[in-house]
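Undergrad: Provide a 3D model corresponding to the input given below.
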Amino acid sequence: MSNSKLKIKLYGYLADDLGDVLETDHLKTLGELLSFLNEKYPVLSNKRFSIAVNRSMEKDLHKKINCSDELALLPPFAGG
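TA: Below is the predicted model:
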């Protein structure tokens, strides 16, 4: 098994608080990722953000993730 790390890109105020990229050992699902983030980075527990997997917004906490996936935490945004 590979020692690959999951890389999570952060944008907006999330990047301001925590940096542009977070890394962690491989996790299997988005739910595991959220649990990890809330435990390791408690500042995130009161922040609103969405998760993108391979540039698609994802809400399914059972969604499987891999080290090759492009993961991003995105703050709320508005367009016009």
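Undergrad: Now do the strands in the protein.
TA: With strands called from DSSP state E, the chain shows them at 5-10, 21-25, 50-53, 56-58, 71-74.
Undergrad: okay, those in TSV with mean neighbour count next?
TA: Where you see a C-beta, it was placed from the backbone N, CA and C, and this is true even at glycine. Formatted as TSV, the strands of the chain follow (neighbours: other CB atoms under 10 Å):
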stretch	mean neighbour count
strand 5-10	17
strand 21-25	13
strand 50-53	17
strand 56-58	11
strand 71-74	20
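Undergrad: Out of those, which is closest to Glu39?
TA: strand 21-25 (10.7 Å; CB to CB).
Undergrad: Show me what the closest one pairs with in its sheet, parallel or antiparallel.
TA: strand 5-10 (antiparallel) (DSSP bridges).
Undergrad: Tell me which residues are up against the partner strand.
TA: 18-27, 33, 37, 65, 67, 69-73 (CB atoms under 8 Å, 6 or more residues apart in numbering).
Undergrad: Tell me who's in contact with the closest residue to Leu33 other than its chain neighbours.
TA: Spatial nearest neighbour of Leu33, excluding adjacent residues (CB to CB, 6 or more residues apart in numbering): Leu27 at 5.1 Å. Leu27 makes contact with Leu6, Leu33, Phe36, Ile65, according to CB under 8 Å, 6+ apart.
Undergrad: Determine which two of those are furthest apart.
TA: Among these, Phe36 and Ile65 lie farthest apart (CB to CB), at 11.3 Å.
Undergrad: thinking again about what came up before, mean pLDDT and distance to Leu44 added to the strands of the chain, as CSV?
TA: As requested, the strands of the chain are exported to CSV (pLDDT from 0 to 100; distance: least, CB to CB, whole Å):
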stretch, mean pLDDT, distance to Leu44
strand 5-10, 95, 10
strand 21-25, 93, 10
strand 50-53, 97, 11
strand 56-58, 97, 17
strand 71-74, 97, 8
